[in-house]
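>>> Show me how the following folds:
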Amino acid sequence: MKVQFVTIADYAELTTEITAGRGQSVAGQGLGVNVLSTIAPSVTPVGGQARNTSGALPVLAATGYSANPTAVTTARGVDLLATLIGALVTKPFSIPEADWQYAAAAGGIINTTDVVLRAAAAAGIRNYVTSIDLRNAHATVATEVVIKDGATVIWRQLLPAAMAAPVEITFPTPLRGTAATAVNFACLTTGAQVYVNAQGYAAP
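Model prediction:
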């Protein structure tokens, strides 16, 4: 038995649907991709999800570092973060360009005046403390020490006198400051001789 099949299609209807429907770049009617203008520099995305970027072009991977990163907006897509050579960021907490560090002053801290570990960052950006090392070199005077978010104490410890070596402290959950606020350190007893080194990063 021989069976033959015949396919009948309306050419006019098919071409109309392609050119007036699924082939369009209008969101909801277009193909499953973003259609971008190729004329530089005004590259404008058409359709698709809004990106978390101030630029016009939504990219999948952004290299480099912004000195003033912004928080991700609800319901927006996020970009992959990479170094200037295109390697994805895998460092804990932050990219290297966002790191900061504070070195102890010569002679240590001998009073109760606040010492700025990290100055206030830009609007919307917080300072985080990831680790510190401390040593009280005074032979007889012990002291409490504090880390402050501005004027608010967010960490406290007691240092004995005559410490032979510094103690190193790492915060698995970094100490988190308030946006646009300095991170300060202070001794609570005058006369101690405290050396403090600190590390952290800035981020939203």
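
>>> for the chain, what are the low-confidence residue spans?
1, 3-81, 83, 89-90 (pLDDT under 70).

>>> Please, where are all the strands along it?
All strands of the chain, identified by DSSP state E, fall at 35-36, 45-46, 61-63, 80-82, 99-102, 115-118, 126-136, 143-149, 152-159, 167-176, 183-187, 194-203.

>>> highest average neighbour count across these?
By mean neighbour count, with neighbours taken as mean count of other Cβ atoms under 10 Å, strand 183-187 ranks first of the strands of the chain at a mean of 23. Every residue, glycine included, has its C-beta placed from N, CA and C.

>>> Show me what that one is packed up against.
Using 3 or more Cβ pairs under 8 Å, 6 or more residues apart in numbering; DSSP states H and E as the contact criterion, the elements in contact with strand 183-187 are strand 115-118, strand 143-149, strand 194-203.

>>> Residue 168 is nearest to which of those?
Nearest of these to residue 168, taken as Cβ to Cβ: strand 194-203 at 9.1 Å.

>>> neighbouring contacts of that closest one?
69, 93-94, 98-104, 108-110, 115, 117-118, 121, 125-137, 143, 145, 159, 166, 174-175, 183, 185, 187 (Cβ atoms under 8 Å, 6 or more residues apart in numbering).

>>> and if we set it to 7 Å?
69, 93-94, 98-104, 108-109, 117-118, 121, 125-137, 143, 145, 159, 166, 174, 185, 187 (Cβ atoms under 7 Å, 6 or more residues apart in numbering).

>>> now do stretch 157-166
With contacts defined as Cβ under 7 Å, 6+ apart, stretch 157-166 is touched by 133-145, 194-195.

>>> Between which two of those residues is the distance greatest?
The widest separation within the contacts of stretch 157-166, taken as Cβ to Cβ, falls between 133 and 140 and amounts to 22.0 Å.
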